[in-house]
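Visitor: Model the following, please.
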Amino acid sequence: MSKEKVLVTGGMGFIGTALAKRLLGSGFQVAVLDNLSPQIHGVIPSVDLAGIEGPDFTVHRGDVRNPRDFEPLLAEADYLVHLAAETGTAQSMYEISRYNAINSQGTAEILDWMMNHKHKIKKVVLSSSRSIYGEGAYRCATCGIVSPDSRSAEALAARQWEPVCPSCAASLELIPTPEGSRPCPASIYAATKLAQEDLIRIACGASGIPYTILRFQNVYGPGQSLNNPYTGILSIFSTRIRRGLPLSLFEDGQESRDFVHVTDIAQAIALSLTSPLASGHTLNVGAGIPTSVQQVAEMLVKVFRGSSAIGVTAQYRIGDIRHCYADLSETKRVIGFEPKVNLEEGLAGFAAWVQSQPLPEDQLDHANKMLIDRGLMK
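Guide: Numbers count the residues shown, from 1 in each chain. Presented below is the predicted three-dimensional model:
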């Protein structure tokens, strides 16, 4: 009996390679389509294929915006995992056309081909993002559970970091964000991820193709790009710690994120592919625990045994959110997902891997200048 084949777009990223290991171990064939972006993989692309090389794994360089690159792969695949996307929230605010072309139009090109050609795709899994929520869910003592609007430029300029109740302007208590929370994208990146969701939901729904949408929290782990200064604060901080540079925290350092290990992400995708109950669902994937940026900076300095000073700058970026962490109850009910890697364990493994890699150039100041010059960082 021939093995079923999974096509993974954007599959040479660290999520894709972790997923490939899991799928190959479960008896699938895996074909990967990736443009090997220099921003992620370096000018001369470098990808660690340890554990995934073999006859059941193939890599194809191509662009999701070009049907000629993906149609022979899509025609042969039994499943599609769509990871391909530009992911820098801050960068998306001034590279609007590129983010829309790759994220939104790239998804549209794939779906257009599927609607107009014969194929045997049994399931589509889309990697979406917690960013589509904007600010996460909160509880107001007067108004109940609310989803605040994005923080205004005026509020940020006044150093009013915490969202307030959209109805009565009272202070709020942070709670886990469920999938039913109101989408309120605060960045171009988030808007394109929400567009991807709508495209998948409508097109797959109309054509009867089962699909699952997974909203990832902040993913980290071995294989994460150390070259990209626009995404992944753990990789950005790790480079600065290795170089003995200070860690400068935006706002007051108390903004929080839900850090989820890449192997847990791979677990959730694999479960979504094989679980019939997952079809038609949009599910959160995270650790379900909020950690402040200051906390994670302190943990990283400790695990690297570094000496970097940690300072709060009160600078801020337009499009950033304050807090969001995942309510995982629906994900557990539908696909049986539970995160297995805690942050302490995950950071130790991440640091060990980072220290085995060449020391990258620190590009954070350049990335910040691009934002400052455009009025997107104050």
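
Visitor: how deep is the spatially closest residue to I335 that is not a sequence neighbour tucked in, by neighbour count?
Guide: Nearest residue to I335 in three dimensions, chain neighbours excluded: L271, at 4.1 Å (CB to CB, 6 or more residues apart in numbering). C-beta coordinates here come from the backbone N, C-alpha and C atoms, glycine included. If you count neighbours by other CB atoms under 10 Å, L271 ends up with 22.

Visitor: now do F350
Guide: Neighbourhood size, F350 [other CB under 10 Å]: 25.

Visitor: circling back: please give me every residue in contact with the residue nearest to I335.
Guide: Neighbour list for L271: A278, I335, G336, F337 [criterion: CB atoms under 8 Å, 6 or more residues apart in numbering].

Visitor: what's the answer for Q196, then?
Guide: Contacts of Q196 by CB under 8 Å, 6+ apart are H82, A85, N103, S104, T107, L126, S128.

Visitor: so is I145 in a helix, a strand, or just coil?
Guide: strand (DSSP: H, G, I helix; E, B strand; the rest coil).

Visitor: For P166, see how far away it is.
Guide: Noted for I145: a distance of 12 Å to P166, by CB to CB, to the nearest Å.

Visitor: ok, those two, which is more surrounded?
Guide: P166 (17 against 14).

Visitor: How confident was the prediction at the more buried one?
Guide: With respect to pLDDT, P166 scores 93.

Visitor: can you pull the contacts of it?
Guide: By CB under 8 Å, 6+ apart, P166 lies in contact with V146, S147, P148, D149.

Visitor: Pull out the buried members of these.
Guide: Those of these that meet the buried threshold are V146, S147, P148, by 16 or more other CB atoms under 10 Å.

Visitor: Present the residues you listed as JSON lines; the columns should include distance to P178 and pLDDT.
Guide: Listed next are the buried ones among the contacts of P166 as JSON lines, based on distance: CB to CB, whole Å; pLDDT from 0 to 100:
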{"residue": "V146", "distance to P178": "13", "pLDDT": "96"}
{"residue": "S147", "distance to P178": "10", "pLDDT": "94"}
{"residue": "P148", "distance to P178": "15", "pLDDT": "94"}
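
Visitor: would TSV of those with distance to P72 be doable?
Guide: Output for the buried ones among the contacts of P166, formatted as TSV (distance: CB to CB, whole Å):
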residue	distance to P72
V146	49
S147	43
P148	46
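
Visitor: now R243, nearest residue through space, not along the chain?
Guide: Distance criterion CB to CB, 6+ apart; nearest residue to R243, sequence neighbours excluded, is D362 at 5.7 Å.
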